[in-house]
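In: Just the structure for this:
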Amino acid sequence: MAAACGGAFGRVGLQFLRTRGGIAGPVSSLVPLQGAGRSYGTGGGSGFRSKWFWTLPGRRVSGRVLGCAFLLGGGGLGLYQTVQFCFHNQFAQQMAPQSDTGDLRLTLYQYKTCPFCSKVRAFLDYHGLPYDIVEVNPVMRKEIHFSQYRKVPILLADDGETLQLNDSSVISSAIKTYMISKDKNLKQILSFYPEMKYKDEKGKEVTEYSNKYWVMLGEQDVEQHYPSKESMKEEVKWRRWVDDWLVHLISPNVYRTPTESLASFDYIVREGKFGFFEGFCAKYLGAAAMFIISKRLKSRHELQSDVRQDLYKAVNDWVTAIGKKRQFMGGTRPNLADLAVYGVLHVMEGLQAFDDMMAHTSMQPWYERMEIATEQHQGKH
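Out: Numbering: from 1, shown residues only. Predicted structure coming up:
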């Protein structure tokens with residue numbers, strides 16, 4: 001996708017704004033406007049009124065404007081039925097973390113409008129974990145010059161030793177494991193998610209992480225914190241679905257028309273860490289470029305002519321998978337799949353695509369429950 005983006009930016013005449021380095025890896029880019037007074041949610045209190053972004057894995061793309069336009073983000077790049085409702089409810093009350101996170105100090109390096117960063121914030125906020133935020137300039141990225149990993153989110157965790165966690169799914173899985181495990185420190189837990197590097201079909205080096213959708217627990221902990229092994233596998237399946245499918249529907253929908261594209265970038269500029277010139281280029285040149293690129297993405301992912309229909313189907317499939325007897329996929333409490341879906345959709349609030357999704361799907365009741373659970377930190381021990 002990044003290859004297509006680079007080409008589109010060239011055609012729009014953006015090459016003259018060059019930066020010292022290119023944008024490597026998945027590029028997140030999506031935007032939202034602050035919504036006001038919608039009946040399906042109040043937002044606010046959780047501290048992450050994020051908006052839309054999207055991810056574009058692919059070739060290295062140079063250019064300051066490209067950085068502005070995409071606000072590159074990272075996150076990295078499961079179908080089993082749950083047990084009967086009564087059995088699930090019996091165990092769901094045990095889903096809250098059972099071990100203290102102690103003096104673990106967390107710092108999140110992010111772009112506010114990145115969906116992968118929003119996934120991490122949803123996880124941390126739901127569990128009531130305090131953390132500091134460092135907003136990264138999407139062009140120069142000097143805030144993360146300390147790291148060879150040049151994408152966001154990055155989470156620094158300090159429990160006496162500062163460790164760097166990369167990839168949104170690894171972050172959620174590792175911290176969840178840490179919260180539950182009683183006999184392993186964070187460094188030991190991170191060894192369960194080894195980094196793998198390989199070259200894709202275009203010769204570009206790609207970094208992935210093994211086991212990133214799994215909470216790495218012993219047999220006893222699995223039995224205590226999941227109603228069944230099948231429910232754990234269900235969680236993994238839908239977390240993977242978020243990264244493999246749901247996120248790919250965002251850009252084609254939020255950049256569907258020139259008006260929607262400009263509205264998206266208006267929010268990016270207001271909420272992002274831009275200089276004046278960078279912000280101007282991102283808002284106008286970026287919006288034009290992403291409108292063009294969104295058409296390529298629609299073709300790449302074989303979406304329908306009306307891309308809204310793919311978005312509607314995806315969220316309805318999610319609600320159908322939860323069913324009528326569960327409040328969340330996790331039962332009476334959100335699990336990591338609930339938090340991943342909510343985090344990604346949350347950044348779209350305030351955009352026309354979000355309003356249309358709420359009006360034409362059955363998402364609203366679940367979304368409102370997630371909003372309350374996250375803002376009230378209901379996963380806090």
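
In: which residues in the chain form strands?
Out: Assigned by DSSP state E, the chain shows strands spanning 105-110, 132-135, 154-158, 162-166, 195-199, 205-209.

In: what sits up against the fourth one?
Out: For strand 162-166, the external contacting residues (C-beta atoms under 8 Å, 6 or more residues apart in numbering) are 74, 76, 147, 149, 151, 153-157, 171, 174-175, 186-187, 190, 195, 207, 209. C-beta coordinates here come from the backbone N, C-alpha and C atoms, glycine included.

In: which ones are touching Met232?
Out: In this structure, Met232 makes contact with Val215, Val222, Tyr226, judged by C-beta under 8 Å, 6+ apart.

In: Let's have the strands of the chain in TSV, adding mean pLDDT and mean neighbour count.
Out: Shown next, in TSV, are those (pLDDT from 0 to 100; neighbours: other C-beta atoms under 10 Å):
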stretch	mean pLDDT	mean neighbour count
strand 105-110	96	20
strand 132-135	96	14
strand 154-158	96	21
strand 162-166	96	18
strand 195-199	91	10
strand 205-209	90	16
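
In: Tabulate these (CSV), appending distance to Asp306.
Out: Putting these into CSV (distance: least, C-beta to C-beta, whole Å) gives the following:
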stretch, distance to Asp306
strand 105-110, 32
strand 132-135, 35
strand 154-158, 37
strand 162-166, 36
strand 195-199, 36
strand 205-209, 32
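
In: looking at the ones you listed, which is closest to Met348?
Out: Met348 lies closest to strand 105-110 among those, at 16.7 Å (C-beta to C-beta).

In: so what secondary structure elements neighbour that closest one?
Out: helix 115-126, strand 132-135, strand 154-158 (3 or more C-beta pairs under 8 Å, 6 or more residues apart in numbering; DSSP states H and E).

In: what about Val254, distance to His360?
Out: According to C-beta to C-beta, to the nearest Å, Val254 and His360 sit 16 Å apart.

In: Between those two, point out the one with more neighbours.
Out: A count of neighbours by other C-beta atoms under 10 Å puts Val254 above the other of Val254 and His360, at 32 against 14.

In: Quick check: Ile171 touching Phe123?
Out: Yes. Taking C-beta atoms under 8 Å as the definition, Ile171 is a contact partner of Phe123 at 7.4 Å.

In: circling back: with distance to Asp243 as new columns, can the helices and strands packed on strand 105-110 be given to me in a markdown table?
Out: Output for the helices and strands packed on strand 105-110, formatted as a markdown table (distance: least, C-beta to C-beta, whole Å):
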| stretch | distance to Asp243 |
| --- | --- |
| helix 115-126 | 9 |
| strand 132-135 | 22 |
| strand 154-158 | 17 |
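
In: who wins for proximity to Cys281 among these?
Out: Here strand 132-135 is closest among these (C-beta to C-beta), at 18.4 Å.

In: partner strands of the closest one, parallel or antiparallel?
Out: In the sheet, strand 132-135 lines up against strand 105-110 (parallel) (DSSP bridges).

In: by how many degrees do the strand it pairs with and strand 162-166 diverge?
Out: 40 degrees (axes from the mean of the first three to the mean of the last three C-alpha atoms, to 10 degrees).

In: where exactly do the helices run in the stretch 251-381 of the chain?
Out: 258-271, 276-281, 287-300, 307-322, 336-346, 352-360, 364-375 (DSSP state H, counting those that start in this stretch).

In: One more: the stretch 51-200 of the chain?
Out: Secondary structure of the stretch 51-200 of the chain by DSSP H, counting those that start in this stretch: the helices cover 64-70, 85-92, 115-126, 168-180, 186-190.

In: mean pLDDT lowest for which of the ones you listed?
Out: Note on the helices of the stretch 51-200 of the chain: lowest mean pLDDT is at helix 85-92, with a mean of 37.

In: wait, what's in contact with Leu217?
Out: Thr177, Ile180, Ser181, His225.

In: So which residue is dead centre in this protein?
Out: A centroid search over the chain (C-alpha atoms, centre = their mean) returns Phe116, at 2.3 Å, as the residue closest to the centre.

In: I figured it was touching Val152, is that so?
Out: Yes. Phe116 is within contact range of Val152, at 7.4 Å (criterion: C-beta under 8 Å).
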